[in-house]
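K.L.:
just need the structure, nothing else, for what follows:
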Amino acid sequence: MADVDGGDVRRLTMDVRSPAAAAWSPDGRRLAFQALTDGHLSSWWSLYVADADGSGLVNLSAVLPPPAGQGRDGDPDWSPDGRRLAFTVEEGGRERVYVADIAAMSLRRLTSNAERSDGHPAWSPDGRRLAFSGRHPVGTSVVTDVYVIGVDGTGERNLTQNPAEGSATMPAWSGDGQRIAFVDGEGQIQLMRSDGTPVTRLTDTGPNESPSWSWR
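P.N.:
Numbers count the residues shown, from 1 in each chain. Next comes the predicted model:
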């Protein structure tokens, strides 16, 4: 971690390997991230939470109910109220979006399409919806689209509808919930309204990944 001017660089994770995909809690007091957990014969990605000073490290994958901790867990994103985490869980060879209640240590699956593998969940600012990317077959090809779904698992909708670049991934909501940025198959950042229209290309350099809006 570092200050925005690049100063005061501090290492927060001392006891985990290859931490990635860090996400701040809304109050700035905690970080969620994925890191490798070593087993007897193999390693796998687990979901962790730590305080912003690096203390209080918890392996959530080890304490949440199955299927967490049984494959790859990652891509965490905090709900706007800081009470829940959306993340991906490997299940049956595909990744699904789950939501964990941190206080209750409960787990609920949101996506279950048998033909699709889902990732990069992102909460809407009002906490009512999640955007995510879904990789699925179309004819003889495989494409990735951006979807939205209600936090109760209803109202799933494909926003990008098989993009020409072959991929739409890593969605990020604007602070007012009206727009979603994402990365296309050429590594360029595109922008659309939250209903999927229209799509505007923002960048011509890169490749780019993981767009993030200024703090809401």
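
K.L.:
spell out for me which residue occupies the centre of this structure.
P.N.:
Nearest residue to the geometric centre of the chain (Cα atoms, centre = their mean): residue 120, 3.1 Å.

K.L.:
export the helix or strand containing that one as CSV, just CAs?
P.N.:
If you go by DSSP states H and E, residue 120 is part of strand 117-123. Extracted in CSV, the C-alpha atoms of strand 117-123 (Å, rounded to 0.1, in the frame of the first residue of the first chain):
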residue,chain,number,x,y,z
SER,A,117,-18.2,-19.6,-16.2
ASP,A,118,-18.7,-16.3,-14.3
GLY,A,119,-16.2,-13.9,-12.8
HIS,A,120,-15.4,-10.3,-11.7
PRO,A,121,-18.6,-9.5,-9.7
ALA,A,122,-19.1,-5.8,-9.0
TRP,A,123,-21.8,-4.3,-6.7
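
K.L.:
continuing past that strand, what's the next helix or strand?
P.N.:
Proceeding N to C from strand 117-123, the next assigned helix or strand is strand 129-138, under DSSP H and E.

K.L.:
elements contacting that following strand?
P.N.:
strand 94-101, strand 117-123, strand 141-150, strand 168-173 (3 or more Cβ pairs under 8 Å, 6 or more residues apart in numbering; DSSP states H and E). (Glycine included, C-beta is placed from N, CA and C.)

K.L.:
and the angle for that strand with strand 94-101?
P.N.:
170 degrees (axes from the mean of the first three to the mean of the last three Cα atoms, to 10 degrees).

K.L.:
that older thread, adding mean pLDDT and distance to residue 213, write the helices and strands packed on strand 129-138 out as JSON lines.
P.N.:
Shown next, in JSON lines, are these (pLDDT from 0 to 100; distance: least, Cβ to Cβ, whole Å):
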{"stretch": "strand 94-101", "mean pLDDT": "96", "distance to residue 213": "20"}
{"stretch": "strand 117-123", "mean pLDDT": "97", "distance to residue 213": "10"}
{"stretch": "strand 141-150", "mean pLDDT": "95", "distance to residue 213": "15"}
{"stretch": "strand 168-173", "mean pLDDT": "96", "distance to residue 213": "6"}
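
K.L.:
redo those strands as a markdown table? Include distance to residue 47.
P.N.:
Output for the helices and strands packed on strand 129-138, formatted as a markdown table (distance: least, Cβ to Cβ, whole Å):
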| stretch | distance to residue 47 |
| --- | --- |
| strand 94-101 | 8 |
| strand 117-123 | 12 |
| strand 141-150 | 20 |
| strand 168-173 | 18 |
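
K.L.:
returning to that earlier point: what pairs with the strand holding residue 120, parallel or antiparallel?
P.N.:
Strand pairing for strand 117-123, determined by DSSP bridges: strand 129-138 (antiparallel).

K.L.:
and the strand it pairs with, what's buried?
P.N.:
The neighbour-count check on strand 129-138 (16 or more other Cβ atoms under 10 Å) flags 129-136 as buried.
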